[in-house]
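J.: below are the sequence and a predicted model for it; my questions follow.
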Protein chains: 2
Amino acid sequence: MARITGMDVRDIRFPTSRELDGSDAMNPDPDYSAAYVVLRTDDGPDGYGLAFTIGRGNDVQAAAIKALDHMVVGRPVPETAFELAALSRELVGDSQLRWLGPEKGVAHMAIGAVVNAAWDLAARRAERPLWRFLSELSPEELVAQVDFRYLSDALTEQEALDLLRRPGRAARIAEIERDGYPAYSTGAGWLGYTDEKMVRLAKQAVADGFAMLKLKVGGDLDDDIRRMRLARDAVGPDIRIAVDANQRWDVEPAIKWMQALSEFDPYWIEEPTSPDDVLAHRAIAEAIAPIRVATGEHVQNRVMFKQYLQAGALSVLQIDAARVGGVNENIAILLLAAKFGVPVCPHAGGVGLCELVRHLSMFDYVAISGTQDDRAIEWVDQLHEHFTDPAIVRGGRYLAPTAPGFSARINDEALARYAFPDGPEWSEK
Amino acid sequence: MARITGMDVRDIRFPTSRELDGSDAMNPDPDYSAAYVVLRTDDGPDGYGLAFTIGRGNDVQAAAIKALDHMVVGRPVPETAFELAALSRELVGDSQLRWLGPEKGVAHMAIGAVVNAAWDLAARRAERPLWRFLSELSPEELVAQVDFRYLSDALTEQEALDLLRRPGRAARIAEIERDGYPAYSTGAGWLGYTDEKMVRLAKQAVADGFAMLKLKVGGDLDDDIRRMRLARDAVGPDIRIAVDANQRWDVEPAIKWMQALSEFDPYWIEEPTSPDDVLAHRAIAEAIAPIRVATGEHVQNRVMFKQYLQAGALSVLQIDAARVGGVNENIAILLLAAKFGVPVCPHAGGVGLCELVRHLSMFDYVAISGTQDDRAIEWVDQLHEHFTDPAIVRGGRYLAPTAPGFSARINDEALARYAFPDGPEWSEK
């Protein structure tokens, strides 16, 4: 029987703050980083996972992953769906570690990184890209991944099974393999970019086939009005333009700001306020309808998403592959979104988030939602060159990954160069 | 000018799991622990703070405190209220570290430990116990501690000022110094105790002057009915008995369980479900009224408490001295509770929580709430001997601390003996 023989954890940081890529109203100078985990086995491929951070504190995130070592190393390689479910439950359930959350922040992202690495490992051994590996699991195997604790007032196991029994998976798998999945572009919209650069990149994105763009807002209202007008003029009325405030506002400023931008037809406002504030999102959503409200990249777990849906506080749900407790919790969140009829448009960008989350959206289409209407995965064309199975977008669509696994593996050259603080990128500056 | 010259962080763990002290429905075998921080100065006393955990992961918590080093060491010792406010704001505002939360979990508890150590330092230099140091600050100085971001839909700066202008502080300070502050006892109610031990300790608590006890529930309903009946028979109808499920239930089981216990007149149900689930608490509160719903020891920040209050989801608010971002955020939470007219009954026990939180309740009485009606601080008679300024309860009341500072200092003998993993308590077993 194959065993997990070791768990390596590395602190990898990319100096993205030097170019203001990724700059927004709350994050002026991020250094996109990964607390990177490798599950070593004595037989066959290793498994790869990561937690995404934006620089300082990536060492804390790495320490939190290392703290899970005793539950992982020495264990048989989880290969079946039920073994993967058991691993996830054991990691989330450790009664002493649970105090550090529960199920939130550094400790929970650490669980997500390890759980995702285990899924990567299982998919590699099955010689399937993760989205196909998931898409071939039975409704019962998928439901077994979900921790229904704290969900039963909104979603029962039977309702989840019914959602997962949607017919036609084979045809949708073929469609994904042929056509991929819709993307939208954030590349033009960073707050640190000049107007000229923003307009040029927005036009380029439309020429490249994107039907939707996103701009960062929330620094200065006059600047935002000017940028939104320039962007709208540049791309015309038929391209969706979403805006993203990265938690900058309280309720009243959010409403006023979005009313001021409404003449430019913003498609959604993302993270108008605290990701913890379900009731504030609801108040904003009610005041600015029909502009949609989106959030998720900082929503800590399925319990918060459940409340957002119960309260009608969001109309676009943004999963993140590396914020919550990994594949298992994201299956729970996708099922909740389907139950409430809310489209899922994942957060991506960062380090490896595009690589990872495309698997989840493609699985969502095949096995849960059955539709791509009003769905698109964020696309930021940054740092992909460091991955062994990089995300590829063509004509405004993510291509279906074909390599086995979950695509979180960073290539050896990047691991050496961007190791913090001793890699040459950091030690030689 | 005095400076902070260093920050020491230690991993201190007490082997409480050996006696089942602290056992409940979610935490069967906690080893009460502190990630302990000392702010060293070049002039005068040092400052002491801690984050409380229950064992595994205390090293991660310590790493998160260390990650704040660069914002603290080398800085002038904050002595005025405005310097303390600036330190808190800088720690919470670090844009890269913020990604690890924001304002929740390991990263936020780390900020709380450092902020509390800074208040300890300032109070020691002013030669005041913290509760008096706080009680002598002006309304303007106190309001300056509060980060109103994400609060303005529930509490404005002007409303906070008005609450803080309550007359009569001097008389209430004298009253606290003379009579202390009410306590309630959890010592009898741990789930791992035998019926005989529970009954004996409950009777002893009443004989000692406590007007309220708390039992842990949520393991098995028949057991809970038996224990609750025994406890009620032991103490009679006039002693309040609260029960605490430590997040064990979903909505429906919580309601059924409390309906089954209602004949024994439980005073509140604490943590019936996930601390993240405002809407579930509201549903439970509506169904089981007039039994009160209490929560807070795992509520991550002021934004969550705000929603609990806005939604009418709790009727007793339980602050914790070491879960949120320190004194500053607890001032915000006390003001929110006052605005909504909800009594605050702090969570304590653990390591040092009784020592710390008594200062906050006494300050609350003097400067904010002005009443002790339906208020009491939890009391667990455990681990106090390791502190240099231990909490003391007599006749069911916490005595007012008189030593300068915030009382988080652990004595040198305990620091040596319980250091993890190299102290003799751990290395010699």
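T.: Done, it's in.
J.: with adjacent residues omitted, what lies nearest to the residue in the stretch 1-150 of chain A positioned nearest to chain B?
T.: Nearest residue of the stretch 1-150 of chain A to chain B (C-beta to the nearest C-beta) works out as residue A:105 at 2.3 Å. Every C-beta, even on glycine, is put in place using the N, C-alpha and C of the backbone. Spatial nearest neighbour of residue A:105, chain neighbours left out: residue B:105 (2.3 Å); criterion: C-beta to C-beta, 6 or more residues apart in numbering or on different chains.
J.: was I right to think the residue of the stretch 1-150 of chain A closest to chain B contacts residue B:104?
T.: Yes. Residue A:105 lies in contact with residue B:104 (C-beta atoms under 8 Å); the separation is 4.9 Å.
J.: list the residues that contact both of these two?
T.: A:300, B:300 (C-beta atoms under 8 Å, 6 or more residues apart in numbering or on different chains).
J.: what's the helix or strand that contains residue A:87 in contact with?
T.: Assigned by DSSP states H and E, residue A:87 belongs to helix A:81-93. Contacts to helix A:81-93, defined as C-beta under 8 Å, 6+ apart, come from residues A:68, A:71-72, A:75-76, A:78, A:98, A:103, A:111, A:114-115, A:118-119, A:122, A:137, A:141-142, A:144-145, A:147, A:325-329.
J.: can we see that at 7 Å?
T.: By C-beta atoms under 7 Å, 6 or more residues apart in numbering or on different chains, the surrounding residues in contact with helix A:81-93 are A:68, A:71, A:78, A:103, A:111, A:114-115, A:118-119, A:122, A:137, A:141, A:144-145, A:147, A:325-326, A:328.
J.: near chain B too, which of these?
T.: Applying C-beta under 7 Å from any C-beta of the partner chain, the subset of the contacts of helix A:81-93 adjacent to chain B is empty.
J.: hmm, which of those residues are the buried ones?
T.: The neighbour count (16 or more other C-beta atoms under 10 Å in any protein chain shown) marks A:68, A:71, A:78, A:103, A:111, A:114-115, A:118-119, A:122, A:137, A:141, A:144-145, A:147, A:325-326, A:328 as buried among the contacts of helix A:81-93.
J.: distance from the lengthiest helix in chain A to the middle of the chain?
T.: The longest helix of chain A (DSSP state H) is helix A:105-125. Centre-to-centre, helix A:105-125 and its host chain are 13 Å apart (C-alpha atoms, centre = their mean, to the nearest Å).
J.: what's the first helix or strand after it?
T.: Assigned by DSSP H and E, the successor of helix A:105-125 is helix A:130-135.
J.: got the contact list for that following helix?
T.: Contact partners of helix A:130-135, identified using C-beta under 7 Å, 6+ apart, comprise A:119-120, A:122-123, A:126, A:169, A:173, A:359, A:362-363, A:366-367, A:401, A:405-406.
J.: which parts of it are buried?
T.: Buried residues in helix A:130-135, counted by 16+ other C-beta under 10 Å: A:130, A:131, A:132, A:133, A:134, A:135.
J.: turn those residues into a markdown table, columns for distance to residue B:385.
T.: Shown next, in a markdown table, are those (distance: C-beta to C-beta, whole Å):
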| residue | distance to residue B:385 |
| --- | --- |
| A:130 | 53 |
| A:131 | 57 |
| A:132 | 60 |
| A:133 | 55 |
| A:134 | 54 |
| A:135 | 59 |
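J.: show me where pLDDT drops low in the stretch 101-250 of chain A?
T.: Flagging of the stretch 101-250 of chain A using pLDDT under 70 yields an empty set of residue ranges.
J.: contact partners for the residue nearest to residue A:105?
T.: By C-beta under 7 Å, 6+ apart, the residues touching residue B:105 are A:100, A:101, A:104, A:105, A:106, A:107, B:300.
J.: looking at those residues, which one is closest to residue A:351?
T.: Of all those, residue A:106 has the smallest distance to residue A:351: 16.4 Å, by C-beta to C-beta.
J.: pretty sure the closest one contacts residue B:108?
T.: No. The pair residue A:106 / residue B:108 is not scored as a contact, 9.6 Å apart, by C-beta atoms under 7 Å.
J.: looking at those two, which has the bigger crowd around it?
T.: Counting neighbours by other C-beta atoms under 10 Å in any protein chain shown for residue A:106 and for residue B:108 shows that residue A:106 has the greater number, 33 against 29.
J.: how near is that one to residue A:35?
T.: 9 Å (C-beta to C-beta, to the nearest Å).
J.: quick check: neighbours shared by those two?
T.: Listed contacts common to residue A:106 and residue A:35 are residue A:61; contacts here mean C-beta under 7 Å, 6+ apart.
J.: residue A:330: neighbour count?
T.: A count of neighbours around residue A:330, defined by other C-beta under 10 Å, yields 30.
J.: check the one 4 residues further on too.
T.: Number of residues near residue A:334 (other C-beta under 10 Å) recorded here: 24.
J.: check what contacts the helix or strand hosting it and list those residues.
T.: Under the criterion of DSSP H and E, residue A:334 resides in helix A:327-340. With contacts defined as C-beta under 7 Å, 6+ apart, helix A:327-340 is touched by A:85, A:88, A:115-116, A:119, A:142, A:145-147, A:151, A:154-155, A:159-160, A:163, A:301-302, A:305-306, A:309, A:317, A:319, A:321, A:324, A:344, A:360, A:364, A:368-369.
J.: so which of these belong to strands?
T.: Using DSSP state E, the subset of those located in strands is residue A:317.
J.: what about the contacts of helix A:327-340, which are in helices?
T.: Among the contacts of helix A:327-340, the members falling in helices (DSSP H) are A:85, A:88, A:115-116, A:119, A:142, A:159-160, A:163, A:302, A:305-306, A:309, A:360.
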